[in-house]
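Colleague: Sequence and predicted structure below; questions after.
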Amino acid sequence: MYNNILMHLKRPAPYQQSQVNFWNDEHISKHMLKAHLDPDCEGAKEQAAN
């Protein structure tokens, strides 16, 4: 059991492909869409270069 917990606490290597469909999670995708559509939320948008 502890080995399983430790495995999930390890930081993945940069650009390592995930085994989890993170963006398909109903909770995550609903809140990400809400953030992208919110004009006051700067963290979820790519800003145009000036």
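Modeller: Received, thanks.

Colleague: how much space between D40 and K34?
Modeller: Note on D40: its distance to K34, by CB to CB, to the nearest Å, is 11 Å. To be clear about C-beta, it is placed using only N, CA and C from the backbone, and glycine gets the same treatment.

Colleague: which one of the two has more residues nearby?
Modeller: K34 (11 against 5; other CB atoms under 10 Å).

Colleague: Let me know the secondary structure of the more buried one.
Modeller: Put simply, K34 is helix when judged by DSSP: H, G, I helix; E, B strand; the rest coil.

Colleague: Now do the contacts for I28.
Modeller: Residues near I28 by CB atoms under 8 Å, 6 or more residues apart in numbering: F22.

Colleague: helix or strand for it, which one?
Modeller: Using DSSP states H and E, I28 maps to helix 26-37.

Colleague: Let me see the mean pLDDT of that helix.
Modeller: Helix 26-37 shows a mean pLDDT of 84.

Colleague: can you map out the helices along this protein?
Modeller: 2-9, 26-37 (DSSP state H).

Colleague: Kindly present these as TSV, with separate columns for distance to Q16.
Modeller: Supplementary listing: the helices of the chain in TSV, determined by distance: least, CB to CB, whole Å:
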stretch	distance to Q16
helix 2-9	13
helix 26-37	19
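
Colleague: right, so those: which one is the most enclosed?
Modeller: helix 26-37 (a mean of 11; mean count of other CB atoms under 10 Å).

Colleague: who touches stretch 31-46?
Modeller: W23.

Colleague: How far does that stretch sit from its chain's centre?
Modeller: 13 Å (CA atoms, centre = their mean, to the nearest Å).
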